[in-house]
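Engineer: take a look and give me a structure for this.
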Amino acid sequence: SGVSSTVWSLVVQTDGRIVIGGDFTSINGTARTRIARLNSSGTVDGSFLPTNSINGSVLALAVQTNNAVIIGGSFSQGTFPSWNARLNADGTTDTSFSSFPNGAVNAIAIQTDGKIVIGGAFTTVNGANRYRIARLNTDGSLDNAFQNGLTGASSTVRCVQIQTDGKILIGGDFTMVNNTSRSFIARLNTDGSLDAGFTSYPGASSSVYAVAVQPNNSVVIGGNFTSYNSTSLTRVARLYADGTRDTTFTNFGINNTVQSLAIQSDGGILIGGVFTTINNTNWPCLGRLYGDLYPPQFFVQPSSRNTNVGANVTFSAQVSNPTTTSFQWRLNGNNISGATGASYSLFNVQLSDAGNYSVFVSDAVGGTSSSNAVLQVGIA
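Structural biologist: Sure thing, here's the model as predicted:
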């Protein structure tokens, strides 16, 4: 029977079990209020039993190495800690964890040293000024070495991503970070100061809800924006490591907000949100975009030719693809031995060379054949 209401966040543990958070009150008929753990098969894990009720949405989740679960959201009263809490591996509340932000927590990321970065709508943490971004020690106490005395983000932080070098990408509704213009996406140094080497102004035209980093350190963002650096890019864009727009990345014409992103091992980009079309094609709520590896596409097809016996003829083709592409030329549908270049030449053409020439191009993702180029041979 599924989940009774919205799932806003999920995280997969190292053992394959899945923690989900949201607004639901039951899963497959089993009572679970806004947080639950599923077995890898999707059934409810009965060994994870929260001992306190949560009175508001669970918007963010992260799992520590001991399978303790850090949660954030809009819950703010009752017997449960407000806005941010930690559950033990069995779901019971860890009363030793005390971060006490004064507003919603929308994003959580855990550093390699175990410290916890949180983003949201709060302006204080443990009574100290922390404007919408903060770092906690492993016990939930405020890390005073991070962003101490700085002004933080000017509005809600909705996503946080930690790079392999420890720098921190943040996205959200803000237009300023530490009193410097940054349009809805920014990068912080490990001490919380603004990374001036990542330029995102004018940047996105509206809110960024999701950010992900590709293996080559390119940054993919998703949200409600319709342009980046004043160039039309609707709801998803790719940036170079310095924050400038990747001009090779296609405008996919997505018609509504992208709220989540994930990068697959082959570079493919999964997007989720409330959109219903991609490239004017019906594609509701979930889609996948090619990353740096995608099937080759022709932008120059081989051309038909008329020639005389004894002349020389060259057929050529060009494909649009940033990855290595293989070529195989064919005559009347049959492979021509050794004809594996981007062009194919015939010398001292004879009547028997007349026919339909094409080329099959391929890479690790797939392949496609060109249109036929007809060679007609006559006697001068």
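Engineer: quick one: the strands in the stretch 1-150 of the chain?
Structural biologist: Counting by DSSP state E, counting those that start in this stretch, the stretch 1-150 of the chain has strands at residues 7-12, 18-22, 26-27, 30-31, 35-38, 58-63, 69-73, 84-87, 105-110, 116-120, 124-125, 128-129, 133-136.
Engineer: what's the closest of the ones you listed to residue 262?
Structural biologist: Proximity to residue 262 (C-beta to C-beta) singles out strand 7-12 among these, at 10.8 Å. Heads up, the C-betas are built off the backbone N, CA and C, glycines and all.
Engineer: could you pull out the helices for the stretch 101-250 of the chain?
Structural biologist: In the stretch 101-250 of the chain, no helices are found when defined by DSSP state H, counting those that start in this stretch.
Engineer: hang on, the earlier thing: adding mean pLDDT, write the strands of the stretch 1-150 of the chain out as a markdown table.
Structural biologist: Converted to a markdown table, those look like this (pLDDT from 0 to 100):
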| stretch | mean pLDDT |
| --- | --- |
| strand 7-12 | 94 |
| strand 18-22 | 95 |
| strand 26-27 | 94 |
| strand 30-31 | 94 |
| strand 35-38 | 95 |
| strand 58-63 | 96 |
| strand 69-73 | 96 |
| strand 84-87 | 94 |
| strand 105-110 | 97 |
| strand 116-120 | 97 |
| strand 124-125 | 94 |
| strand 128-129 | 93 |
| strand 133-136 | 97 |
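Engineer: point out where the stretch 151-300 of the chain drops to low pLDDT.
Structural biologist: Counting by pLDDT under 70, the stretch 151-300 of the chain contains low-confidence residues at 292.
Engineer: excluding residues flanking it in the chain, which one is nearest residue 123?
Structural biologist: Nearest residue to residue 123 in three dimensions, chain neighbours excluded: residue 131, at 5.5 Å (C-beta to C-beta, 6 or more residues apart in numbering).
Engineer: in contact with that neighbour, which residues?
Structural biologist: Contact criterion C-beta atoms under 8 Å, 6 or more residues apart in numbering gives 123, 150-154 as the residues in contact with residue 131.
Engineer: so the nearest residue to residue 163 once chain neighbours are set aside versus residue 197, what's the distance?
Structural biologist: Excluding the flanking residues, the one nearest residue 163 by C-beta to C-beta, 6+ apart is residue 213, at 5.8 Å. Separation of residue 213 from residue 197 (C-beta to C-beta, to the nearest Å) stands at 15 Å.
Engineer: ok, those two, which is more surrounded?
Structural biologist: Taking neighbours as other C-beta atoms under 10 Å, residue 213 and residue 197 compare with residue 213 leading, 17 against 11.
Engineer: so that one is in contact with residue 263, correct?
Structural biologist: Yes - contact criterion C-beta atoms under 8 Å: residue 213 and residue 263 qualify, at 7.3 Å.
Engineer: per-residue pLDDT of residue 317, please?
Structural biologist: Residue 317 carries a pLDDT score of 94 in this model.
Engineer: what do you get for residue 331?
Structural biologist: 97.
Engineer: what's the neighbour count on it?
Structural biologist: Burial of residue 331 is recorded as 17 neighbouring residues (other C-beta under 10 Å).
Engineer: show me the contacts for the closest residue to it other than its chain neighbours.
Structural biologist: With C-beta to C-beta, 6+ apart as the criterion, residue 331 has its nearest non-adjacent residue at 5.2 Å, and that residue is residue 355. When contacts are counted by C-beta under 8 Å, 6+ apart, residue 355 touches 331-332, 374-375.
Engineer: give me the common contacts of residue 213 and residue 263.
Structural biologist: Any residue near both residue 213 and residue 263 by C-beta under 8 Å, 6+ apart counts here, and that gives residue 220.
Engineer: relative to residue 22, how far out is the residue nearest to residue 331?
Structural biologist: Distance, residue 355 to residue 22, using C-beta to C-beta: 62 Å.
Engineer: still on that earlier bit, can you pick the most crowded of the contacts of residue 355?
Structural biologist: When neighbours are taken as other C-beta under 10 Å, the top entry among the contacts of residue 355 is residue 375 (20 neighbours).
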